[in-house]
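A.B. asks: Sharing a model prediction with you, sequence too.
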Amino acid sequence: MLKEMGLPLEPWDYPEERKRIVGEALERWDERVLEEAVWAYLVRHRKRPDRAVPEAVGRFVRWLALRGRRWPKLEAGDLRAFLLEAKDRGFPGGPKGPLAWPTVERARRALRHLWPFLDWAGHPLPPQVEYPPQMAPVFHEPSPLSEGEWQALWRRAEEYAPAHWRPLLKVLLVLLGEVGLTLKEAAALWKDDLQGKRLLVRGERLREVPLTPLAQEVLEGWLPLREYLAGHQPLPYPHLLLNPSPRKGRGRPLGLEGAKWLMKEFTLFAGYEPREGRRTDLAHRLRWRAIRGYLKAGHPREKVAYWTGMRTLMLRGWEG
């Protein structure tokens, strides 16, 4: 591919060289080199390479090293044992457990790339190593906010104190509950990402998302205030969400931590109570409200998954 584009080749493009590099890395369980190698494989063989794959491979390699395994003498159940231990204790070198089943399931799916990667590198996985089936119990069905809950939250947003947070709070609510972004994606938006009736979402899952009439109205209404806030900084920031606080940080990017704080404060102010047995994260339920809205409007699941940055919407027990 690089040769066709007129770009210089890398060591990964020479079969014997990549076999040597990967072989040496396997002998010493070199996480960094193996993460780089699996990423090189992905960018050459996948239209949308997933950054979660090198991370999962690195964590599994660290686990193997800690268990005293030597390549290629792996045991049949090593992958399963790694994932079950991660569920209880967390990944080696990562946050402590217990971890949520969906987190473990994402790692399991990422590790399926080990087989084609190591074949490509000239070091096939030993035949006894098993790829475990899904170990998680059936996930709780998604729980989008009901329209009654949405209307109640919207009314509370119009009453939120201090009042200078209200316009920004409404922007967050529509970005999650109408557009289907995550808090991280919303906090990372720039003003220029707002392109009329569409929104450009950058990051690992680059995409264009259509705006509902409510989302378009709220975002357009926010822009004059955003310009006013941007003027409080010597060099205006390009971010869409700026801090409206009258304190020193006025006009600075809200950021992910600021978005989390605002949602937490609003949750308490609104008296939001999750339904019994449902996930408590309001941002999660807002996002699923947007997904339900797209589906009810008749859009195909594949397109809705693309718009909302989901890998799939083929979830059991839920029809939207």
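C.D. replies: Everything's here; your move.

A.B. asks: Neighbours of residue 208, how many?
C.D. replies: Counted with other C-beta atoms under 10 Å, residues neighbouring residue 208 total 12. No exception for glycine: its C-beta is placed from N, CA and C like everyone else's.

A.B. asks: repeat for the one 4 residues further on
C.D. replies: The tally of other residues near residue 212 (other C-beta under 10 Å) stands at 18.

A.B. asks: same deal with residue 254?
C.D. replies: Residue 254: 25 neighbours (other C-beta under 10 Å).

A.B. asks: Now it: closest residue in space that isn't a chain neighbour?
C.D. replies: residue 241 (4.2 Å; C-beta to C-beta, 6 or more residues apart in numbering).

A.B. asks: Okay, the one you found and residue 185: tell me how far apart.
C.D. replies: 11 Å (C-beta to C-beta, to the nearest Å).

A.B. asks: And for residue 220?
C.D. replies: To residue 185, residue 220 is 20 Å away according to C-beta to C-beta.

A.B. asks: more crowded one of the two?
C.D. replies: residue 185 (24 against 12).

A.B. asks: is it true that that one touches residue 200?
C.D. replies: No - using C-beta atoms under 8 Å, residue 185 makes no contact with residue 200, being 10.9 Å away.

A.B. asks: can you give me the strands for the stretch 151-300 of the chain?
C.D. replies: Here the stretch 151-300 of the chain has its strands, by DSSP state E, counting those that start in this stretch, at 194-195, 198-201, 207-210.

A.B. asks: Now the ones you listed in CSV, please, with extra columns for mean pLDDT.
C.D. replies: CSV is the format used below for these (pLDDT from 0 to 100):
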stretch, mean pLDDT
strand 194-195, 94
strand 198-201, 95
strand 207-210, 94
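
A.B. asks: would CSV of these with distance to residue 303 be doable?
C.D. replies: CSV is the format used below for the strands of the stretch 151-300 of the chain (distance: least, C-beta to C-beta, whole Å):
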stretch, distance to residue 303
strand 194-195, 18
strand 198-201, 14
strand 207-210, 10
